[in-house]
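In: heads up, no residue letters with this:
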């Protein structure tokens, strides 16, 4: 199956936040806002977790592709070695 990429992303997949987007997100100031240091700390924590999830997803995708290729190769070898059923004179 061919994969089509648009703007660096696989076409048809939902847009996901990147760690960079989380780290650089700015919020509008409010009169009684929250502590900006706590917001930045939380952003860094979320971005780090997001980065770890992206890496894990990439590794799992590679493993999935490897397993698909291995199964396809096994099926090809197995199909060549199999005899058709009822190989009698009928």
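Out: Nice, thanks for sending it over. Note that this is a predicted model, so its numbers are computed, not measured. Residues are numbered from 1 along each chain as shown.

In: let's verify the residue nearest to the spatial centre of the chain: helix, strand, or coil?
Out: Taking C-alpha atoms, centre = their mean, the centroid of the chain lies closest to residue 57, which sits 4.1 Å from it. Of the three states, residue 57 takes helix under DSSP: H, G, I helix; E, B strand; the rest coil.

In: also residue 29?
Out: Under three-state DSSP, residue 29 falls in the coil class.

In: which residues are in contact with it?
Out: Neighbouring residues of residue 29 by C-beta atoms under 8 Å, 6 or more residues apart in numbering: there are none. Bear in mind the C-beta positions are built from the backbone N, C-alpha and C, glycine included.

In: what distance do you get for it to residue 44?
Out: Per C-beta to C-beta, to the nearest Å, residue 29 is found 20 Å from residue 44.

In: try residue 66
Out: Residue 66 is 33 Å from residue 44, by C-beta to C-beta.

In: ok, how many other residues are close to residue 72?
Out: Residue 72 has 10 neighbours, counted by other C-beta atoms under 10 Å.

In: any idea which helix or strand in this structure has the lowest mean pLDDT?
Out: Ranked by mean pLDDT, DSSP states H and E, the weakest helix or strand in the chain is strand 5-6, scoring a mean of 55.
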